[in-house]
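A.B. asks: need a structure here:
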Amino acid sequence: MVQIDITYEGDLHTNARHEPSGAELTTDAPKDNEGLGESFSPTDLLATALGSCMVTIMGIYARRKDLDIRGTTVRVEKRMTMDPVRRIGKLVVRFGMPAGIPEEHRPALARAAAACPVHKSLHPDVERPVEFCYPD
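C.D. replies: Model (predicted):
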């Protein structure tokens, strides 16, 4: 179990504290939903969690196979929808992979990314297209 304590600071801002580490982060409502967009929005954090989780699970696979995937980048584009209510409609995930990843490991890295707990926890109505870009 992990505990996260969140305090509403007013003006649509929150402060969250990760109890095990003491790390803190803030949120603000986005500009298109009455906020100032001064920090990650709660839905931005979900998109961040997805990308971070996917590349972390890939990192576990890579470490076990003695692959170096340092320098991998992940871009997550969060697209909101209003149908039927305001929610995340689509999270487009693009990986920029470093050179030198052997062809035989690429399908397993994609499977590892799709096996991340955040990806598995999202409602099926949230579209999640994923693209891997290899330089070679």
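A.B. asks: sketch out the low-pLDDT regions of the chain for me.
C.D. replies: Nowhere does the chain drop to pLDDT under 70.
A.B. asks: let me see the domain layout of it.
C.D. replies: According to automatic domain parsing, the chain comprises the domains 4-33, 42-133.
A.B. asks: export those to CSV and tack on mean neighbour count?
C.D. replies: All C-beta atoms are positioned from the backbone trio N, CA, C, and that covers glycine. As requested, the domains of the chain are exported to CSV (neighbours: other CB atoms under 10 Å):
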stretch, mean neighbour count
domain 4-33, 13
domain 42-133, 15
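A.B. asks: can you give me the helices for the protein?
C.D. replies: Using DSSP state H, the helices of the chain run over residues 42-64, 106-114, 117-121.
A.B. asks: what's the angle between the longest one and helix 106-114?
C.D. replies: For helix 42-64 against helix 106-114, the angle between stretch directions is 140 degrees (axes from the mean of the first three to the mean of the last three CA atoms, to 10 degrees).
A.B. asks: show me what helix 42-64 packs onto, helices and strands only.
C.D. replies: Here helix 42-64 touches strand 24-28, strand 73-81, strand 87-96, helix 106-114, helix 117-121, going by 3 or more CB pairs under 8 Å, 6 or more residues apart in numbering; DSSP states H and E.
A.B. asks: ok, back up a step: dump the helices of the chain into a markdown table; add distance to E34 as well.
C.D. replies: Formatted as a markdown table, the helices of the chain follow (distance: least, CB to CB, whole Å):
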| stretch | distance to E34 |
| --- | --- |
| helix 42-64 | 13 |
| helix 106-114 | 34 |
| helix 117-121 | 27 |
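A.B. asks: between the ones you listed, which gets nearest to P98?
C.D. replies: Ranking the helices of the chain by proximity to P98 (CB to CB) places helix 42-64 first, at 10.4 Å.
A.B. asks: how about residues contacting that closest one?
C.D. replies: If you take CB atoms under 8 Å, 6 or more residues apart in numbering as the criterion, helix 42-64 is touched by 14, 25, 27, 30, 40, 67-69, 72, 74-78, 80, 88, 91, 93, 95, 105, 108-109, 112-119, 122, 128, 130.
A.B. asks: what residues does stretch 13-28 touch?
C.D. replies: If you take CB under 8 Å, 6+ apart as the criterion, stretch 13-28 is touched by 2-9, 12, 35-42, 44-45.
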